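Asker: Got a predicted model here, sequence first, then my questions.
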Amino acid sequence: DDMMTFIKNDIVVFGAGVFLFIILTLWFVFRSLLWVFVPLLSCFFSVLIMIGFLGLVGWKVTVISSNFIALMLILTMAMNIHMSVRYLQYRKENPDISNNEAILWTSEKMFWPILYTVLTTICAFLSLIFSGIKPIIDFGWMMTVGLVVSMSITFTLLPSILNILSDKNFNYRDQKKSKITSFLSQVAQKNTKIIFGSAILVAVVSIVGISKLEVENSFINYFDKKTEIYKGMKLIDEELGGTTPLDVILKFPKKEKSNDADDDWEDDDKDDSKYWFTRNKIDKITQVHDYLDNLDAVGKVISFASMVRVAEDLSGGQKLQGLEMGVLYTKIPDSIRKEIIDPYISIESNEARIGLRILDSKEDLRRNDLIKKINKDLKEKIGLKPEEFKLAGVLILFNNLLQSLFKSQILTLGVVMAGITLMFLILFRNLTLSFIGVVPNFMAAFLILGIIGLLEIPLDMMTITI
């Protein structure tokens, strides 16, 4: 419930922040209230239509896809600025041309560049569908639909608004040369060797950074330390035995009969459950229980061994044998058995479950390494065969999710780059220009990944979308 409240607040706060940023950007570009209002109107209607569409088709917004509003505002603004600036430039250069002709010329001139911009961006967002994780797949499709909506608005609403504006409003603050682009142009022409050297350095830094990438994150770290969610989870971790559940399932190779069960009892009672309990099984459960209990990252551990120890304490510390445990099991009322024994023992499946909770707030916790360590130690230290145990639970699901993110998203970068190269090839009709066009995209994406790796920022469902 707190998560849903956070998402709603984020949509409002992040959306408002982007809205203010857009207003400042438009004022910086145009220095005119009218030209702040015109692109804003397009942004507003794009988001409104998209939200309406999501509501109509019943598409749920998650903590990941809630970013679509901010991204749509930014991408729609970019398209509208391109269109508006080109229109104003053309009107200034051709003062005698009619408004209708200027709008038609601008729309024709800008359609293909904006179309390819939209297609390449769609190509990038569609790469998210390879993740195999529904919220991320939905986000990819949402942004794809959102971009189509934004482009449609840019080429319908914006020309319509321009058509009803009077000629006196077409003032454009012309600037013959941009100081920034002029400076960069000179640097590019005079320092070719330095630029290529820097590119090689960037590539090396990217490779080093990418090799250090981790897909490690904890649920608690998604929230600020001041929030109630963080404080609550921290308290559960420190005082109540941990948060993230992990189960170790022990599978016994074959049913054993208790050594101390006599033939008469076997004849009198055919209930197999009595014969399931043996000292060997309990010792094995106890050994694994104690091993898990001694791990730093593990909080509370509960298993059938916990119940046996309570019973042994009550009997003066004497070890219970198979016969005694079998009798005890059959004499316990069903209601109590379902509460304290059945969650940890499955006689039908010949399995025992050891439930533990991980201390999620430990700063040095590495979930994948912990899972690998438990798997290794159960084989090497405890002496279990691979078929005699299995790890399960929320920790395994969360870790598998992060690992699949890493594989799907990093490996599909090549597919995205190939898609962008194809777009450039169609646009430029020239293979050399296409490769030149894709290199900055390629270097930027890998440098960002490299920086994330060097700064030890873990990849997760949020950061992977970058």
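Answerer: Great, that's in hand. Since we're looking at a predicted model, the values are computed, not measured.
Asker: so Ala188 makes contact with Phe196?
Answerer: No. With contact defined as Cβ atoms under 8 Å, Ala188 does not reach Phe196; the gap is 11.0 Å. Where C-beta positions appear, they are placed from N, C-alpha and C, glycine not excepted.
Asker: Can you show me the helices along the stretch 151-300 of the chain?
Answerer: Under the criterion DSSP state H, counting those that start in this stretch, the stretch 151-300 of the chain carries helices at the ranges 157-164, 179-190, 192-211, 228-239, 263-268, 273-276, 279-293.
Asker: Make JSON lines out of the ones you listed and add mean neighbour count.
Answerer: Shown next, in JSON lines, are the helices of the stretch 151-300 of the chain (neighbours: other Cβ atoms under 10 Å):
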{"stretch": "helix 157-164", "mean neighbour count": "16"}
{"stretch": "helix 179-190", "mean neighbour count": "10"}
{"stretch": "helix 192-211", "mean neighbour count": "13"}
{"stretch": "helix 228-239", "mean neighbour count": "15"}
{"stretch": "helix 263-268", "mean neighbour count": "10"}
{"stretch": "helix 273-276", "mean neighbour count": "19"}
{"stretch": "helix 279-293", "mean neighbour count": "18"}
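Asker: Now mean pLDDT and distance to Ile7 too, for those, in JSON lines please.
Answerer: Putting the helices of the stretch 151-300 of the chain into JSON lines (pLDDT from 0 to 100; distance: least, Cβ to Cβ, whole Å) gives the following:
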{"stretch": "helix 157-164", "mean pLDDT": "88", "distance to Ile7": "29"}
{"stretch": "helix 179-190", "mean pLDDT": "87", "distance to Ile7": "38"}
{"stretch": "helix 192-211", "mean pLDDT": "90", "distance to Ile7": "31"}
{"stretch": "helix 228-239", "mean pLDDT": "86", "distance to Ile7": "12"}
{"stretch": "helix 263-268", "mean pLDDT": "43", "distance to Ile7": "60"}
{"stretch": "helix 273-276", "mean pLDDT": "70", "distance to Ile7": "48"}
{"stretch": "helix 279-293", "mean pLDDT": "89", "distance to Ile7": "35"}
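Asker: Need the ones you listed in a markdown table (columns: distance to Trp27).
Answerer: Compiled in a markdown table, the helices of the stretch 151-300 of the chain are given as follows (distance: least, Cβ to Cβ, whole Å):
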| stretch | distance to Trp27 |
| --- | --- |
| helix 157-164 | 18 |
| helix 179-190 | 18 |
| helix 192-211 | 34 |
| helix 228-239 | 38 |
| helix 263-268 | 90 |
| helix 273-276 | 77 |
| helix 279-293 | 61 |
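Asker: Out of these, which is closest to Tyr329?
Answerer: helix 273-276 (6.2 Å; Cβ to Cβ).
Asker: closest one to Ile358 among the helices of the stretch 151-300 of the chain?
Answerer: helix 228-239 (8.8 Å).
Asker: which stretches of the stretch 351-466 of the chain have low pLDDT?
Answerer: 407-411, 465 (pLDDT under 70).
Asker: all strands for it, in order.
Answerer: Listed in chain order, the strands of the stretch 351-466 of the chain (DSSP state E, counting those that start in this stretch) span 351-358, 389-392.
Asker: who wins for proximity to Leu235 among those strands?
Answerer: Taking those one by one with Cβ to Cβ, strand 351-358 is closest: 13.5 Å.
Asker: Starting from the closest one, tell me which strands it pairs with and how they run.
Answerer: strand 244-251 (antiparallel), strand 298-302 (antiparallel), strand 345-346 (antiparallel) (DSSP bridges).
Asker: In this structure Trp59 contacts Ile137, no?
Answerer: No. Applying Cβ under 8 Å as the test, Trp59 and Ile137 come out as separate, 11.6 Å apart.
Asker: that older thread, out of the helices of the stretch 151-300 of the chain, nearest to Glu339?
Answerer: Nearest to Glu339 among the helices of the stretch 151-300 of the chain is helix 273-276; the distance by Cβ to Cβ comes to 16.8 Å.
Asker: Extract the C-alpha trace of stretch 16-34 and format it as CSV.
Answerer: Below are the C-alpha coordinates for stretch 16-34, written out as CSV (Å, rounded to 0.1, in the frame of the first residue of the first chain):
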residue,chain,number,x,y,z
ALA,A,16,5.7,18.7,-12.1
GLY,A,17,9.5,18.8,-12.1
VAL,A,18,9.7,18.0,-15.8
PHE,A,19,6.9,20.4,-16.5
LEU,A,20,8.8,23.3,-15.0
PHE,A,21,12.0,22.2,-16.8
ILE,A,22,10.1,22.3,-20.1
ILE,A,23,8.8,25.8,-19.4
LEU,A,24,12.3,27.1,-18.7
THR,A,25,13.7,25.4,-21.8
LEU,A,26,11.0,26.8,-24.0
TRP,A,27,11.5,30.3,-22.6
PHE,A,28,15.3,29.9,-23.1
VAL,A,29,14.8,28.9,-26.8
PHE,A,30,12.0,31.3,-27.8
ARG,A,31,11.8,34.1,-25.2
SER,A,32,8.1,34.4,-26.0
LEU,A,33,5.1,33.4,-23.9
LEU,A,34,3.2,32.4,-27.0
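Asker: Buried residues, it. List them.
Answerer: If you call a residue buried by 16 or more other Cβ atoms under 10 Å, then stretch 16-34 has these buried ones: Val18, Phe19, Ile22, Thr25, Leu26, Val29, Phe30, Ser32.
Asker: quick revisit: most tightly surrounded among the strands of the stretch 351-466 of the chain?
Answerer: Greatest average neighbour count among the strands of the stretch 351-466 of the chain goes to strand 351-358 (a mean of 22), per mean count of other Cβ atoms under 10 Å.
Asker: which residues are in contact with that strand?
Answerer: Contacts with strand 351-358, where a contact means Cβ atoms under 8 Å, 6 or more residues apart in numbering, come from 241-252, 281, 285, 288-289, 292-293, 297-305, 343-346, 365, 367, 370, 395.
Asker: now do stretch 447-462
Answerer: Identification of contacts with stretch 447-462 by Cβ under 8 Å, 6+ apart yields 63-64, 133, 135-136, 202, 205-217, 222, 401-402, 405-406, 409-410, 463, 466.
Asker: so how far is Phe398 from the closest residue in space to Trp276 that isn't next to it in sequence?
Answerer: In this structure, Trp276 finds its nearest non-sequential neighbour in Ile347, 4.7 Å apart by Cβ to Cβ, 6 or more residues apart in numbering. As for Ile347, its distance to Phe398 is 30 Å (criterion: Cβ to Cβ, to the nearest Å).
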